[in-house]
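**Student:** sharing a model prediction with you, sequence too.
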Amino acid sequence: MFLYFVVFAAALMIVLWVLQVFLLNNFYGTMKTQQTKEVAREIETAFKHNNTDRFLKNVAEISESYDMYIYVVSYDGKTTYYQPSANDVAQAPEFELAEPEEKEMQYISQIQTLNEHMMKGNGSAYVKIEGADSQDILAYGSVLTAKNKEPMIVYIFSPLWPVSSTIKILTNQLIFVTLISIIVACLLSLYLSFRITRPLRKINESAKDLAAGKYGIVFQGGHYTELVNLADTLTGASIELEKSDMLQKDLIANVSHDLKTPLTMIRSYAEMIRDLSGDNPKKRNEHLQVIIDEADRLNVLVNDMLEISRLQSGKLALEKAEFNLTHAIESILHTYRIMEEEDGYTFDFQCDTDYYVDADEEKIKQVVTNLLTNAIKFCGGDKTVIVTLKKRGRNVECRVEDHGPGIPADELDRIWERYYRSSSNMKREKEGTGLGLSICKEILTQHKAKFGTDSTVGEGSQFWFELEYVRAEKRK
Ligand code: ADP
């Protein structure tokens with residue numbers, strides 16, 4: 001950045017130098033030629049319209065107002081009508097003309113050359129005379145003619161060297177300007193690069209820390225919006241990384257704990273069969289049943305874990321389609337009906353309309369199944385589970401209700417998290433995988449559906465979710 005700034009300043013200076021110093025010369029030359037032409041025209045008109053006295057006065061005026069030397073001589077060159085020093089006019093500023101007399105001599109010495117050019121050029125000619133020390137002169141000569149008048153010759157000399165002295169001044173000035181602007185550019189670029197690169201360096205340091213596994217880093221962005229955004233994004237990334245790292249550690253801790261219990265049980269019961277109950281068919285069957293149950297539990301756990309990791313990887317796209325939610329819930333309840341007869345449960349489904357929703361049918365069925373399994377697990381003394389389906393605003397709400405122990409208010413949010421089990425439900429026979437609700441949460445979040453829990457300790461719980469309503473048909 002520093003380098004770019006300096007190069008930029010230098011380029012600007014070069015442009016300035018070229019424009020000022022080199023082009024000024026040409027510009028001044030063109031301007032002078034133009035001016036000389038104008039003066040010549042004025043003199044010619046004055047000669048045509050005035051008598052000699054009046055004309056010479058005009059010449060004196062013109063010569064005063066322009067920085068030029070004008071000579072008027074008779075056609076034969078013998079009489080001089082007008083000469084600057086003799087007529088005491090056209091005193092050029094001192095710095096331009098150190099020795100006017102000598103300069104005048106120089107002009108007069110050029111008259112011969114000018115005359116030659118005039119003869120070739122039909123009575124008038126422009127000549128640029130190269131002087132010593134690059135003190136060039138623009139010379140113009142013309143024969144003045146008018147009716148009933150003796151012709152005269154006018155010579156106009158315009159010194160071109162003021163431009164070289166101007167250029168000298170400019171050059172000196174430009175050296176200062178260049179020095180100052182390069183110093184300013186250096187300072188400014190140092191300051192700016194400091195303001196931009198320091199935050200970048202800091203971000204880099206922090207990123208290195210992050211790469212080394214240090215979490216909770218807050219990236220500092222400095223003063224520029226883009227850098228602040230970058231820093232914010234990186235801070236966000238670091239938070240996400242930390243979360244996923246924690247989840248991973250959590251997962252390993254929970255999984256190893258959950259796998260360990262059934263495995264220990266299986267091992268100890270297998271040992272018991274080998275050492276004690278192998279010959280006692282009754283005991284042996286009992287112990288084998290425990291092993292089978294534990295193996296089943298392991299199976300469920302592994303399946304749930306696979307399911308949630310598949311869901312969370314986000315690779316499983318939803319297969320949304322319109323389906324009859326009422327019918328889907330009924331078919332799930334149907335598989336539980338056997339428990340009504342065998343175990344005295346009551347499953348009450350309250351809905352008299354076929355509600356159609358646009359969702360992934362299999363996944364929503366899984367949500368309902370998980371909620372039902374929990375309600376059955378925690379159904380309380382009356383062994384009743386109530387499922388209601390009704391329209392709520394633009395959505396259809398499904399509610400699963402039990403009259404069990406309920407959930408303390410401070411745990412309501414946490415039960416949807418992975419591996420969370422309510423403090424009051426830690427009994428082994430009710431132990432699940434702790435993944436059921438988080439699978440529901442994952443599926444419902446993917447559907448952008450609202451969901452939640454209403455519960456009063458001692459009275460029961462209601463788990464609900466809402467899906468976007470498509471249409472409804474009255475049941476026959
Ligand atoms: P689990 O397999 O342990 O049931 P879940 O994710 O399905 O895992 O549930 C998490 C926890 O939420 C349960 O352990 C339980 O403490 C609580 N919970 C879920 N459903 C109910 C319910 N209907 N009544 C009371 N507590 C419940």
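**Tutor:** Now that the structure is in, tell me what you want to look at. Numbering: from 1, shown residues only.

**Student:** use CA for all of it now, contacts and neighbours both
**Tutor:** Noted.

**Student:** all strands of the chain, in order?
**Tutor:** 69-74, 80-82, 124-129, 137-144, 152-159, 321-324, 346-350, 353-359, 384-392, 395-402, 450-456, 460-474 (DSSP state E).

**Student:** would you list those in CSV and tack on distance to residue 109?
**Tutor:** Listed next are the strands of the chain as CSV, based on distance: least, Cα to Cα, whole Å:
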stretch, distance to residue 109
strand 69-74, 13
strand 80-82, 15
strand 124-129, 11
strand 137-144, 12
strand 152-159, 12
strand 321-324, 108
strand 346-350, 126
strand 353-359, 108
strand 384-392, 113
strand 395-402, 109
strand 450-456, 106
strand 460-474, 107
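
**Student:** what's the burial count for residue 80?
**Tutor:** Neighbourhood size, residue 80 [other Cα atoms under 10 Å]: 13.

**Student:** not counting sequence-adjacent ones, nearest residue to it?
**Tutor:** residue 73 (4.3 Å; Cα to Cα, 6 or more residues apart in numbering).

**Student:** I figured the one you found hits residue 154, correct?
**Tutor:** Yes. Using Cα atoms under 8 Å, residue 73 makes contact with residue 154 at a distance of 6.5 Å.

**Student:** of those two, who's got more company?
**Tutor:** Remark: of residue 73 and residue 154, residue 154 carries more neighbours, 22 against 19, as counted by other Cα under 10 Å.

**Student:** any stretches of this protein with poor pLDDT?
**Tutor:** The chain contains residues with pLDDT under 70 at 85-106, 132-134, 162-164, 314-316, 419-432.

**Student:** restrict stretch 353-365 to CA atoms and write it as CSV.
**Tutor:** Taking C-alpha atoms only, stretch 353-365 is exported to CSV below (Å, rounded to 0.1, in the frame of the first residue of the first chain):
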residue,chain,number,x,y,z
THR,A,353,-62.0,-33.6,9.6
ASP,A,354,-59.5,-34.8,7.1
TYR,A,355,-56.7,-32.2,7.2
TYR,A,356,-54.3,-32.1,4.3
VAL,A,357,-50.9,-30.6,4.9
ASP,A,358,-47.8,-30.1,2.7
ALA,A,359,-44.9,-31.9,4.4
ASP,A,360,-42.7,-35.0,4.4
GLU,A,361,-45.2,-37.7,5.5
GLU,A,362,-42.7,-40.3,6.8
LYS,A,363,-40.9,-37.7,8.9
ILE,A,364,-44.1,-36.2,10.4
LYS,A,365,-45.2,-39.8,11.2
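
**Student:** list the contacts of it.
**Tutor:** 318-329, 332, 396, 443-444, 447, 467-475 (Cα atoms under 8 Å, 6 or more residues apart in numbering).

**Student:** and if you look at stretch 293-302?
**Tutor:** 259, 262, 263, 265, 266, 433.

**Student:** if we use 10 Å, what do you get?
**Tutor:** Here stretch 293-302 makes contact (Cα atoms under 10 Å, 6 or more residues apart in numbering) with 255, 258-266, 287-292, 303-307, 431-436.

**Student:** sorry, back to before: just the buried members of the contacts of stretch 353-365?
**Tutor:** Buried by 16 or more other Cα atoms under 10 Å: 318, 323-326, 328-329, 396, 443-444, 447, 467-469, 472, out of those.

**Student:** list just the nearest of those to residue 248.
**Tutor:** residue 443 (20.2 Å; Cα to Cα).

**Student:** how about the residue of the stretch 251-400 of the chain found nearest the ligand: what's its closest non-neighbour residue?
**Tutor:** Nearest residue of the stretch 251-400 of the chain to the ligand: residue 375, at 4.1 Å (Cα to the nearest ligand atom). Of all residues not flanking residue 375 in the chain, residue 402 sits nearest, at 5.6 Å (Cα to Cα, 6+ apart).

**Student:** contacting residues around the spatially most central residue of the chain?
**Tutor:** Centroid-nearest residue in the chain, with Cα atoms, centre = their mean: residue 226, separated by 5.5 Å. Going by Cα under 10 Å, 6+ apart, residue 226 touches residue 232.

**Student:** mind doing that once more with 7 Å?
**Tutor:** For residue 226, no residue meets the contact criterion (Cα atoms under 7 Å, 6 or more residues apart in numbering).

**Student:** next one: it from the ligand, what distance?
**Tutor:** According to Cα to the nearest ligand atom, to the nearest Å, residue 226 stands 43 Å off from the ligand.

**Student:** ok, residue 180 next?
**Tutor:** From residue 180 over to the ligand (counting by Cα to the nearest ligand atom), the distance is 73 Å.

**Student:** kindly report the same for residue 55.
**Tutor:** 117 Å.

**Student:** isn't that residue right next to residue 47, touching?
**Tutor:** Yes. When contacts are counted by Cα atoms under 7 Å, residue 55 is listed as touching residue 47 (5.6 Å).

**Student:** between the two, point out the one with more neighbours.
**Tutor:** Legend: neighbour count by other Cα under 10 Å for residue 55 and residue 47, higher for residue 47 (22 against 18).

**Student:** could you pull out the helices for the stretch 201-350 of the chain?
**Tutor:** Assigned by DSSP state H, counting those that start in this stretch, the helices in the stretch 201-350 of the chain fall at 225-275, 281-313, 325-343.

**Student:** the first one vs helix 281-313, what angle?
**Tutor:** It refers to helix 225-275. In terms of direction (axes from the mean of the first three to the mean of the last three Cα atoms, to 10 degrees), helix 225-275 departs from helix 281-313 by 170 degrees.

**Student:** how close does residue 442 sit to residue 302?
**Tutor:** Using Cα to Cα, to the nearest Å, we find residue 442 at a distance of 17 Å from residue 302.

**Student:** these two: which is more packed in?
**Tutor:** More crowded of residue 442 and residue 302, by other Cα under 10 Å: residue 442, with 18 against 15.

**Student:** now do the same contact list for the more buried one.
**Tutor:** residue 311.

**Student:** related to what we said a few turns ago, hmm, residue 459 and the residue nearest to residue 375 touching each other?
**Tutor:** No. Between residue 402 and residue 459 there is no contact under Cα under 7 Å: 8.4 Å.

**Student:** the two: which has the busier surroundings?
**Tutor:** For residue 402 versus residue 459, the count of surrounding residues by other Cα under 10 Å is larger for residue 402: 28 against 13.

**Student:** check contacts around the more buried one.
**Tutor:** Applying Cα under 7 Å, 6+ apart to residue 402 gives the contacts 375, 379, 384, 385, 386, 460, 461, 462.

**Student:** and the third one, how many neighbours?
**Tutor:** Neighbour count for residue 384, taken as other Cα under 10 Å: 20.

**Student:** also residue 129?
**Tutor:** Neighbour count for residue 129, taken as other Cα under 10 Å: 18.

**Student:** thinking again about what came up before, hey, what's the residue nearest to residue 375 bridged with?
**Tutor:** Assessed by DSSP bridges, residue 402 has beta-bridge partners residue 385, residue 461.
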